[in-house]
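Asks: Okay, here's the prediction I keep looking at, along with the sequence it came from:
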Protein chains: 2
Amino acid sequence: MRPLYFDHNATTPVAPRVFSAMRPYFEDGFGNPGSAHIWGLQARKAVDKARSQVAALIGARPEEIVFTGCATESNNAVLFGHFPDRSGHLAVSALEHPSVLAPAMALSAAGVTVDVISSGPDGVVCPADAAARILPRTRLVSVMLANNETGVIQPVADMAALAHAAGAAMHVDASQAVGKIDVNVDTLGADFLTIAGHKLYAPKGVGALYVRTGRELPPLLLGGGQEGGLRSGTENVALIAGLGEACAMAAADVAAEAARQERIRDAVEAGLLGLGYQAMIHGRGAPRLPNTTFIGFAGFRAVDILSECVTEDIGCGAGAACHGADTSISPVLAAMGVDRPYAEGTIRLSLGRSTTMEDGMELVERLGRILRRLSR
Amino acid sequence: MRPLYFDHNATTPVAPRVFSAMRPYFEDGFGNPGSAHIWGLQARKAVDKARSQVAALIGARPEEIVFTGCATESNNAVLFGHFPDRSGHLAVSALEHPSVLAPAMALSAAGVTVDVISSGPDGVVCPADAAARILPRTRLVSVMLANNETGVIQPVADMAALAHAAGAAMHVDASQAVGKIDVNVDTLGADFLTIAGHKLYAPKGVGALYVRTGRELPPLLLGGGQEGGLRSGTENVALIAGLGEACAMAAADVAAEAARQERIRDAVEAGLLGLGYQAMIHGRGAPRLPNTTFIGFAGFRAVDILSECVTEDIGCGAGAACHGADTSISPVLAAMGVDRPYAEGTIRLSLGRSTTMEDGMELVERLGRILRRLSR
């Protein structure tokens, strides 16, 4: 059976052109960008080029891009960096990734006042709740651009307007959005924006952080003063070059690729809804990423579906996990208030550049078989 | 002219077998280790294998190894992690890398009492000073295993004994030592030990931290709870696999390779001292890494030598940097109290696996030409 990988929101393959862009820096171009000789200069040029490529994709200036080890590091740097004295007020959405929510909880324990902006049942942050929680004393607002589970695109520009009116800075975790939809830091009103390499066909182990000119951020990692002092540590040259190339690739065809994947995704959803089970597509009424389907089948358990997916050579994610006899619902579904039978039977299907319409139809067929087997 | 790379302490090339070990994870093995399907399991196995390989090289258990983005992150995690309330006492050596000294300074500014253990003129931390500065209230002692500039190997086991007698934990930045000399966490008495991938033929962008069983360390990065909760962020699978392979490679031949490089290094030093200039090899009286020569030529400026090295296709480092009219001496040379004329003319030559005796002799010849030209 041909493997069907429908888990691109977990991680993407490395694109061949990304691998080609990295390879020279694993070979002759191995220098340390901090070295004042030809080996060092070659490496420095690679980092500079990548910085321009990343900046170009999101409408930023190269000097506004800081390379990090991962999106988690970018998110941690922004949250912890805004509260060096562990006081003040932070507003985050309930839909954020653990790499935002966990630092927020740690800050709360350390003395920062943290308010959580709730989500509507459609998976969109609630504007009225945001208006009530973003206050004159708020220092930072953190709302993601696209949710990793539902794919729902959040009204970040509106959140940024509220943040700025209150005198706060706006952080946008765009890990799931960059490379999938058009992202522009000015349109969004982002002061800080997080990028994850491995969600857009660069490898795991590299991320970036956009820092708007004029915004200050104390570094999370101190040392040799690399990245303009904002992120010490010898530059991850090869993977940085790969991230740059991935951004250049996305810049070239993001709209066309989004439209292509959306057609397949919509066909998959139509196919799944047509299987005859009680099913619910989370966030369907809201703007969503073109590659993501988060679908709940009432009366099924995600763990059983996933277990059958192994047999059917399907790679996908779940919206619920089993811990012994307990089933824990994803915090995102909980925040949306999804009914438990649907939440427990929720799986995530996320498409990518290599996904074809044939793959999509084959996926529907295999999931149909799985649900029939599980219904017996 | 054939390029002569003598800057392995800045960064090493990626070994071909390391590249081969990484490559599958840039290709079909691209899964996220957190995913419960075959793609994820493949990636998880790669990380587990690498963890065992790293542990084996330093006499640790696999579960004591945490993968990080770089040695700077490992060092920052240990230092900041020990002082969550920004109080207490820290003792660090004056010879530490900026990724230890800068966090120490930040902690000092935040309220931690920091004592700096001085260095003798031989580049070894002063035992009497250490005994005076490691106190019953000391929480952490941080002394590197081998200095990045001089290559001098520090009496870490003695420092650990002092630390443990005082009830403090012992951190060892072994970035420059692992892969070059035998390193064993038990012999050293290390509770925490830092490893840098790109100093031992793995790429830049990956590091590790040894955390002794029973020692606690709050994580620096919070989020998805990877690495047993000690380091969140999707695992850098390919580079982790590379670091594992690099450690396996070192485990197989570290003693033989050290002896080989030392013969060449000693011949280079004899050759350079025989050129007839006033020269001084820093730390020569102390135990040193087998691959490192830190040599000062009185009456020359490092910046001039390095500039000529570009012409002669030599890659090496300097012990002094020029900022306009000022020459700043490396803090390590300053801590050793090296006379200014020697300090200003100091360059670092560091050998590696690909360095041959012929390269060493060619290096001496070219440096001889350079010094003659500069003497005119």
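Replies: Everything's here; your move.
Asks: what comes up buried for the helix or strand that contains A:V114?
Replies: Per DSSP states H and E: A:V114 is located in strand A:113-117. Counting neighbours by 16 or more other Cβ atoms under 10 Å in any protein chain shown, one finds that the buried residues in strand A:113-117 are A:V114, A:D115, A:V116, A:I117. No exception for glycine: its C-beta is placed from N, CA and C like everyone else's.
Asks: who does the second one bridge with?
Replies: With beta bridges defined as DSSP bridges, A:D115 has these partners: A:A91.
Asks: For the residue in the stretch 251-376 of chain A that chain B sits nearest to, give its distance to A:D28.
Replies: When distances are taken as Cβ to the nearest Cβ, the stretch 251-376 of chain A approaches chain B most closely through A:G315, which lies 4.3 Å from it. Going from A:G315 to A:D28 by Cβ to Cβ, to the nearest Å gives 36 Å.
Asks: Not counting its neighbours along the chain, what's nearest A:H8?
Replies: Nearest residue to A:H8, sequence neighbours excluded (Cβ to Cβ, 6 or more residues apart in numbering or on different chains): A:G352, at 3.7 Å.
Asks: Same check on A:R61?
Replies: Setting aside the residues directly before and after it, A:R61 is nearest to A:A55 in space (Cβ to Cβ, 6+ apart), at 5.8 Å.
Asks: and the next element down the chain from the helix or strand containing that neighbour?
Replies: Assigning secondary structure by DSSP H and E places A:A55 in helix A:38-58. Towards the C-terminus, the helix or strand next in line after helix A:38-58, according to DSSP H and E, is strand A:65-68.
Asks: Partner strands of that next one and their direction?
Replies: Strands that pair with strand A:65-68, judged by DSSP bridges, come out as strand A:207-211 (antiparallel).
Asks: Can you show me the strands along the stretch 251-376 of chain A?
Replies: In order along the chain, the stretch 251-376 of chain A carries the following strands (DSSP state E, counting those that start in this stretch): A:279-281, A:292-297, A:314-315, A:317-318, A:320-323, A:326-329, A:346-350.
Asks: could I get those strands as CSV with mean neighbour count and mean pLDDT?
Replies: Below are the strands of the stretch 251-376 of chain A laid out as CSV (neighbours: other Cβ atoms under 10 Å in any protein chain shown; pLDDT from 0 to 100):
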stretch, mean neighbour count, mean pLDDT
strand A:279-281, 18, 98
strand A:292-297, 26, 98
strand A:314-315, 24, 98
strand A:317-318, 24, 92
strand A:320-323, 14, 72
strand A:326-329, 14, 82
strand A:346-350, 27, 97
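Asks: what's the most distant pair in the buried residues of strand A:113-117?
Replies: In these, two members sit farther apart than any others by Cβ to Cβ. They are A:V114 and A:I117, at 10.7 Å.
Asks: Spit out the residues that contact the two alike.
Replies: A:A91, A:V92 (Cβ atoms under 8 Å, 6 or more residues apart in numbering or on different chains).
Asks: quick revisit: could the strands of the stretch 251-376 of chain A go into CSV alongside distance to B:A321?
Replies: As requested, the strands of the stretch 251-376 of chain A are exported to CSV (distance: least, Cβ to Cβ, whole Å):
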stretch, distance to B:A321
strand A:279-281, 60
strand A:292-297, 50
strand A:314-315, 51
strand A:317-318, 50
strand A:320-323, 53
strand A:326-329, 55
strand A:346-350, 49
